[in-house]
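A.B. asks: no FASTA, just this:
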């Protein structure tokens, strides 16, 4: 089967920048990871607490209708991510990965504080959901820039032999952010009465996120720039332009679109929507659904570095193909089983199986996308196609799922996810063996 051809097969950079020591490399990974965790915590706090704040901004209708409106704002927030990816991707390729990372976390802090302070519908009427949407758009701009910059940074500071392992921490911290949001929810569920949590307690996680983002801004300002970027800049490499993706890297960009469409759709179906699915379809309590989701995410987070390490041996193309192939086959029956069980342990086992299948994509997605592009256009090439596909498929996952449910054809959503994963499996089989390419110069 024919495979995509990368435009460049070797990294061309002068050796005048010294390589990082092992300790410096670990510090860079940890510094980048900490910021990524906080950014994703801020983003997912919205979804984790939607069950509690939806009625404050959207008081009309039953619980499904309120969640549907909250999910619509969640989806609209994704529309800002391609814009953030485009602007911050260019900025990261022009000014450096570290600089772009500090700007993105500053925007996230602003959006989180805004959500914590917005009055509800009873106080200011329709202005409340409008301001909520504006805050989510600001967070969307931030996260759109965060993914490309962090994926590129962490891939460039990793070693060639263990790039799958090291870059997997980009998704480990993504899950860590989501898990932290659920952890805060669990703590508040135990510290506050249900009435207090629904009345004002849901604002606490957004205030926490704003403060943590300020701390990360300070941490990121001290990160070292990657050797790949410094050497490309010293060489006078061509400045990244959006048109390059269409003229020079159309196949690579299309591949990222397809992989991300399926990967992000499955991720949001298996994780963020799963919490609502457990309550709204399977009939679990809110507390039980939160605990099941959090436990599955914890297992998911722990397995990712191992899967990333395995990809360093079997190849990231193989890892992707296995993940998407299994997902295409297993999504419908596993969702059906979850919908029909009343056992928390059975539900946990089935949700865990879904996210373990997806780990074959999640662990390697940052590395494989970064490995498709040369340094001067890497951040933009990773960020923009990813953000576009994520906005269309990931951002609408909850809305589409709830739409199918409201229409009385919930199984249609299972088919939708499975079909996207089947297409991504075919795309995976056409990828080059990125483990063997040398487009990324080790820091």
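C.D. replies: On my side now, so go ahead. On a predicted model such as this, the values are computed, not experimentally measured, just so you know.

A.B. asks: Buried ones in the lowest-mean-pLDDT helix or strand in the chain, by neighbour count?
C.D. replies: Confidence across the helices and strands of the chain bottoms out at helix 227-234, with a mean of 72, counting by mean pLDDT, DSSP states H and E. Within helix 227-234, the residues that count as buried by 16 or more other C-beta atoms under 10 Å are 227-233. All C-beta spots, glycine's among them, are computed from the backbone N, C-alpha and C.

A.B. asks: That helix: how far from the chain's middle?
C.D. replies: Between the centre of helix 227-234 and the centre of its host chain there is 27 Å, according to C-alpha atoms, centre = their mean, to the nearest Å.

A.B. asks: Report all helices and strands that the helix or strand just after it contacts.
C.D. replies: Downstream of helix 227-234, the first helix or strand assigned by DSSP states H and E is helix 243-247. With contacts defined as 3 or more C-beta pairs under 8 Å, 6 or more residues apart in numbering; DSSP states H and E, the packing partners of helix 243-247 are helix 378-389.

A.B. asks: angle of the helix it packs on against helix 227-234?
C.D. replies: Here helix 378-389 points in a direction 120 degrees away from that of helix 227-234 (axes from the mean of the first three to the mean of the last three C-alpha atoms, to 10 degrees).

A.B. asks: re the thing from before, helices or strands up against the least confident helix or strand of the chain?
C.D. replies: Taking 3+ C-beta pairs under 8 Å, 6+ apart as the contact definition, the neighbouring helices and strands of helix 227-234 are helix 127-157.

A.B. asks: Downstream of the helix it packs on, the next helix or strand is which one?
C.D. replies: Per DSSP H and E, helix 127-157 leads on to helix 163-167 as the next helix or strand towards the C-terminus.

A.B. asks: Could you pull up the mean pLDDT of that next one?
C.D. replies: Confidence over helix 163-167, taken as the mean pLDDT, stands at 82.

A.B. asks: ok, residue 401 - contacts?
C.D. replies: With contact taken as C-beta atoms under 8 Å, 6 or more residues apart in numbering, residue 401 is in contact with 269, 273, 276-277, 410, 413.

A.B. asks: Point me to the helix or strand that includes it.
C.D. replies: Residue 401 is located in helix 397-406, with elements delineated by DSSP H and E.

A.B. asks: what stretches of this protein score poorly on pLDDT?
C.D. replies: Under the criterion pLDDT under 70, the flagged ranges of the chain are 1-21, 61-62, 232, 236-240, 437-443.

A.B. asks: which one is the most centrally placed residue in it nearest to, not counting chain neighbours?
C.D. replies: Residue closest to the average C-alpha location in the chain (C-alpha atoms, centre = their mean): residue 174, at 5.9 Å. Using C-beta to C-beta, 6 or more residues apart in numbering and skipping residues adjacent in sequence, the residue nearest residue 174 is residue 40, 4.7 Å away.

A.B. asks: Can you verify my assumption that the one you found contacts residue 178?
C.D. replies: Yes: between residue 40 and residue 178 there is a contact under C-beta atoms under 8 Å: 6.2 Å.

A.B. asks: What lies in contact with the helix or strand hosting residue 197?
C.D. replies: Residue 197 belongs to helix 194-199 when assigned by DSSP H and E. When contacts are defined by C-beta under 8 Å, 6+ apart, helix 194-199 is touched by residues 52-53, 55, 188-189.

A.B. asks: between the least confident helix or strand of the chain and helix 127-157, how big is the angle?
C.D. replies: Note on geometry: by the same axes, to 10 degrees, helix 227-234 and helix 127-157 are set 90 degrees apart in direction.

A.B. asks: Which residue ranges of the stretch 251-400 of the chain form helices?
C.D. replies: 272-280, 286-314, 316-340, 344-362, 365-370, 378-389, 397-406 (DSSP state H, counting those that start in this stretch).

A.B. asks: The ones you listed into CSV, with extra columns for distance to residue 433?
C.D. replies: Below are the helices of the stretch 251-400 of the chain laid out as CSV (distance: least, C-beta to C-beta, whole Å):
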stretch, distance to residue 433
helix 272-280, 33
helix 286-314, 10
helix 316-340, 6
helix 344-362, 16
helix 365-370, 10
helix 378-389, 18
helix 397-406, 31
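
A.B. asks: looking at the ones you listed, which is closest to residue 44?
C.D. replies: With respect to residue 44, and counting by C-beta to C-beta, the nearest of these is helix 272-280 at 6.8 Å.
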